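Asks: attaching a predicted model along with its sequence, questions to come.
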Amino acid sequence: MNRFLLTVPTLIATALCSHAAAAAGTPLETTAKDRRDVIVTIYNDHRGLVREVRSVSLPKGRFDLKYADVADKIVPQSVHIASKTDGGAVDVIEQNYKFDVLTPSRLMERAVGTELTFVRENPATGAETRVKATLLAREQGDVYRVGNEIVIGHLGRPVFASLPPAFVSRPTLVWSLDNRAAPRAHDLEVAYLTGGMGWHADYVAVLSADDRESSLNGWVTLDNNSGASFDSARLALVAGNVHRASEEDGDLAGAAGLPPGANQGGAFTEESLLDYHLYSLGRVTDIKDKEQKQIALLAASKVPVSKVLRLLGSPSLRGSPEPLQENLHPKVLMEFVNDARSQLGMPLPMGTVRVYKADKAGGQQFIGEDTIQHTPNGEKLSLELGESFDVVAERRSVDFKTLAKNLTESVHEVKVRNHKDEAASVQIEERLAGEWEILESTVRGEKLDARRQRFTVQVPSRGEVVLKYKIRARFP
């Protein structure tokens, strides 16, 4: 009887690229080529939900079906399969997830304790000789028995008589199905969760010359490291923190919120999904494995914005006098409202906003960036871009008295100097402790909450403004 010996490269290529003639008992197999539709929903927590429909001809009776081309990082516990053609006729008896992928290393590991044939080639003549050896161990190197000797090291090129049946070319689902109806083609719908998928939003804002308007463009960046590609996929993104029972368990709670058929607009549309937001792309797109893709999310122009200079005071400890604080620079903030009046209104996913402004020559210069959280329609956004260079302040305690054991009065002074060619409005936000009350101040203020008082001063060009206020505080 002739026996063909396969080298490792030939063996793997054979397993990956070709199929032998089907023998009795060989399971049916479906691949991505049978895919008729696929919907991919990607969450913020590096996982995705894949729902796809494949057309497969099913025989009558009980049989095995190999479902190949699934994501390498699939959560097997989350898999669901059903026939859209005749769901009542097809029952799932058993499911197996085969992930012992054929590699040279795994092939050698499975060969421990067996006799192998090694081919050696004479470098000078090209003549080949064959050596038989038993692989004893390969924990920290290969150990062989050749005849009555123990040999460590490289013996040559290993060849194998056959491929162990448990190997698969890539992770594969295998179902035992029972079809009680006549043989026919079925549309099988399969859904599962997978790791290795993620997305995040990025925004670019360009300020106008007078700092009163800005454009805002949003982009979605997808990362697919799941181990599978999905061509012509309908795409949906879920913004929000979806609770997970554990790192291993999964369910299909998000399946009901998957988008309907793609529309012709091509842009993202948004809808509420429980307490999250679902963004559905209005066209199909290819989601390749090991690929990063960017898709436009929104584009708005002439968004009304306001520039704010905000000086944050240090919190006082039990009203005690504080040392002089010099060379303080207020933070530069850009604020706007996410609503229709601002040319916006779509709930904005969490992401980074990068802000640019044109210099006198017309070139766009980067002036700062900040991260926003998930922002619903109607909410105000405040972006911290940096610190003002030309506006400087100093803060000091002018007077301090202890009126009783837990009662104090103190006077504080904040000087703000403006070295710019135009006037500046500066918000001075003082952080206070205890049960406090502002007794008097040179500028009328606003109590923001139990710990913050805000004063807004108008500082003229090349000028200075002094804020002085007296506070009484009681401590427990």
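Replies: Arrived safely, thanks for sending. Numbering: from 1, shown residues only.
Asks: contacts, neighbours, all on C-alpha from now
Replies: Will do.
Asks: helix or strand right after the helix or strand where Val159 lies?
Replies: Using DSSP states H and E, Val159 falls within strand 157-160. Downstream of strand 157-160, the next assigned helix or strand under DSSP H and E is strand 172-179.
Asks: and that following strand, what other elements does it pack with?
Replies: Strand 172-179 sits against strand 61-67, strand 90-98, with contacts defined as 3 or more CA pairs under 8 Å, 6 or more residues apart in numbering; DSSP states H and E.
Asks: listing partners with orientation, what would you give for that strand?
Replies: Its sheet considered, strand 172-179 pairs with strand 61-67 (antiparallel), strand 90-98 (antiparallel) by DSSP bridges.
Asks: list the contacts of that strand.
Replies: For strand 172-179, the surrounding residues in contact (CA atoms under 8 Å, 6 or more residues apart in numbering) are 58-70, 89-99.
Asks: return a PyMOL selection command for the buried portion of those.
Replies: The buried subset of the contacts of strand 172-179, as determined by 16 or more other CA atoms under 10 Å, is captured in PyMOL by this line:
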select buried, resi 58+59+60+62+63+64+65+66+67+68+69+70+90+91+95+97+98
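Asks: where's Leu107, which helix or strand?
Replies: Counting by DSSP H and E, Leu107 is found in helix 104-110.
Asks: quick check: mean pLDDT of that helix?
Replies: Mean per-residue pLDDT for helix 104-110: 79.
Asks: now do the buried residues in that helix.
Replies: Neighbour counts over helix 104-110 (16+ other CA under 10 Å) mark Leu107, Met108 as buried.
Asks: and Asp275, what pLDDT?
Replies: So, for Asp275, pLDDT stands at 75.
Asks: next one: Gly445
Replies: For Gly445, the model assigns a pLDDT of 94.
Asks: nearest spatial neighbour of it, chain-adjacent residues omitted?
Replies: Phe455 (4.4 Å; CA to CA, 6 or more residues apart in numbering).
Asks: swap in Glu464?
Replies: Closest residue to Glu464 apart from its sequence neighbours, by CA to CA, 6+ apart: Arg417 at 4.3 Å.
Asks: give me the neighbour count for that neighbour.
Replies: 20 (other CA atoms under 10 Å).
Asks: OK, contacts around it?
Replies: Val391, Val392, Ala393, Val459, Arg462, Gly463, Glu464, Val465.
Asks: now Val426
Replies: Val308, Leu309, Arg310, Leu311, Pro330, Thr456, Val457, Gln458, Val459.
Asks: which stretches of the stretch 101-250 of the chain aren't confidently modelled?
Replies: The model of the stretch 101-250 of the chain has pLDDT under 70 over residues 101-102, 165-169, 241, 243-250.
Asks: distance of Arg54 from Ala82?
Replies: Note on Arg54: its distance to Ala82, by CA to CA, to the nearest Å, is 11 Å.
Asks: the two: which is more packed in?
Replies: Taking neighbours as other CA under 10 Å, Arg54 and Ala82 compare with Arg54 leading, 22 against 18.
Asks: and that one, bridged to which residues?
Replies: Bridge pairing for Arg54 - DSSP bridges - gives Arg35, Leu188.
Asks: which residues in the stretch 301-450 of the chain form strands?
Replies: Residue ranges of the strands in the stretch 301-450 of the chain, as given by DSSP state E, counting those that start in this stretch, are 306-312, 325-328, 331-337, 351-358, 364-372, 380-387, 391-404, 407-418, 424-431, 435-441, 445-449.
Asks: map the structural domains onto the sequence of the chain.
Replies: 35-61+179-304+336-386, 308-330+388-476 (automatic domain parsing).
Asks: weakest of those domains by average pLDDT?
Replies: domain 35-61+179-304+336-386 (a mean of 87).
Asks: quick check: which helices or strands does the strand holding Val159 pack against?
Replies: Packing partners of strand 157-160 (3+ CA pairs under 8 Å, 6+ apart): strand 6-7, helix 8-17, strand 115-121.
Asks: got a list of what the residue nearest to Thr129 when sequence neighbours are not counted touches?
Replies: In this structure, Thr129 finds its nearest non-sequential neighbour in Arg120, 5.2 Å apart by CA to CA, 6+ apart. Counting by CA under 8 Å, 6+ apart, Arg120 touches Glu128, Thr129, Arg130, Val131, Leu155, Gly156, Arg157.
Asks: any chance of these in TSV with secondary structure as columns?
Replies: What follows is the contacts of Arg120, written out as TSV (DSSP: H, G, I helix; E, B strand; the rest coil):
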residue	secondary structure
Glu128	strand
Thr129	strand
Arg130	strand
Val131	strand
Leu155	coil
Gly156	coil
Arg157	strand
